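Trainee: Sequence and predicted model, in that order:
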Amino acid sequence: GASALRPEHTLAAYQKAIDDGADIIEPDLVITKDGVLVCLHDLTLERTTNVEEVFPDRFRNDVSEDQPSNSTAAKHWYVSDFTLAEIKRLDAGSWLNEKFKGERVPTWQEAIDLVRGKAGLYPETKAPEVYGKRGFDMEKLLMDSLKKNKLDRPNADPKTPLVIQSFSAESLRKLRDVYKTKLTLTFLIGGDPQKQWLSAEGLNKVKAFANGIGPSKLLIDREPKLVEWAHAAGLTVTPYTFRSAGTGKFKDVREEMTHFLFTLGVDAVFTDNPDQFPKR
């Protein structure tokens, strides 16, 4: 959504993005304790809601393996520890500005209902392996929801194009091989520590389970040939995230997006500032 101007992943942010001309809205999907897909960037609630005030004792202490067992660890309130009804009690707006007090964490269904017919949808399966360990099948939940909304086939609703993305190659393979989806899939890439993907050869392997890549813009800045290699493999390129708060060597986010789109030749961009998108 237009999260430079509205609280991220709220209906207010999605509506503002639509008003500002966004072609597609990008909800990150996580799962509640009772198995409902909701839109939130983090796996935990404390950064963007008042969960610490409403449920002060419902946190987990995260202790890494190299810490002593009696260490005071960070407190985290995981989405999957709370029911949808409990999460709907939380304020998801005032952390950004008091004028947004009362905004709620939206369900994926609420996002579909708001966006459908006005823009496309680009949901992300967020940390599906984490939820798998908790007994959830994120891909099934997503595909069931798309079937229910008659959005599970390419071009099912021409006014609402649908692309699924994930940092998990396994999640995309599962969508393609187990659930047999023919929807467009995008493989998000934040880095490549095993040197599997970010080469001409590696991107040809991506083509086996995805239609495009969503690399960090820093990766393209470091190696602009990524765009050429991806296109040669038949993959689209949609880098993330362009925002007014961090434009590096560019004077503003519009100039930065212009460079990536029209000089480097990427196909689209993820941005927190759709109002600054350089349409031509």
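Mentor: Received, thanks. Residues are numbered from 1 along each chain as shown.
Trainee: Going by C-alpha atoms from here, please, whenever you check contacts or count neighbours.
Mentor: OK.
Trainee: among the helices and strands of the chain, which one scores worst on average pLDDT?
Mentor: Lowest mean confidence among the helices and strands of the chain (mean pLDDT, DSSP states H and E): strand 60-62, at a mean of 87.
Trainee: which other helices and strands contact that one?
Mentor: The contact analysis (3 or more Cα pairs under 8 Å, 6 or more residues apart in numbering; DSSP states H and E) places strand 60-62 against strand 74-76.
Trainee: Tell me which stretches of the protein form strands.
Mentor: 24-25, 28-31, 37-39, 60-62, 74-76, 120-121, 124-125, 163-166, 184-189, 212-215, 236-237 (DSSP state E).
Trainee: Give the other helices and strands that the third one contacts.
Mentor: The criterion is 3+ Cα pairs under 8 Å, 6+ apart, and the helices and strands that strand 37-39 contacts are strand 28-31, helix 108-115.
Trainee: now the shortest one: mean pLDDT?
Mentor: This points to strand 28-31. Across strand 28-31, the average pLDDT comes to 98.
Trainee: for it, packing partners?
Mentor: Strand 28-31 is packed against strand 37-39, strand 124-125, with contacts defined by 3+ Cα pairs under 8 Å, 6+ apart.
Trainee: so how far is that strand off the chain centroid?
Mentor: Using Cα atoms, centre = their mean, to the nearest Å, we find the averaged C-alpha position of strand 28-31 to lie 8 Å away from the chain's own average C-alpha position.
Trainee: same question, stretch 154-162
Mentor: Distance of stretch 154-162 from the chain centroid (Cα atoms, centre = their mean) equals 19 Å.
Trainee: now swap in stretch 114-132 and tell me
Mentor: Relative to the centre of its chain, stretch 114-132 is centred 7 Å away, using Cα atoms, centre = their mean.
Trainee: now do the same end-to-end measure for it.
Mentor: Using Cα to Cα, to the nearest Å, one end of stretch 114-132 lies 28 Å from the other.
Trainee: Stretch 114-122 now?
Mentor: Using Cα to Cα, the gap from the first to the last residue of stretch 114-122 comes to 14 Å.
Trainee: residues of that stretch that come out buried?
Mentor: The neighbour-count criterion (16 or more other Cα atoms under 10 Å) identifies 115-116, 118-122 as the buried residues of stretch 114-122.
Trainee: Excluding chain neighbours, what is closest to the residue nearest the centre of the chain?
Mentor: Central residue check for the chain by Cα atoms, centre = their mean: the C-alpha nearest the mean position is that of Asp28, 3.6 Å away. Nearest-residue entry for Asp28: Glu124, 4.8 Å, with adjacent residues in sequence omitted and distances by Cα to Cα, 6 or more residues apart in numbering.
Trainee: re earlier: can you redo the helices and strands packed on strand 28-31 as a markdown table, where the extra columns are mean pLDDT and distance to Lys16?
Mentor: A markdown table is the format used below for the helices and strands packed on strand 28-31 (pLDDT from 0 to 100; distance: least, Cα to Cα, whole Å):
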| stretch | mean pLDDT | distance to Lys16 |
| --- | --- | --- |
| strand 37-39 | 98 | 16 |
| strand 124-125 | 98 | 20 |
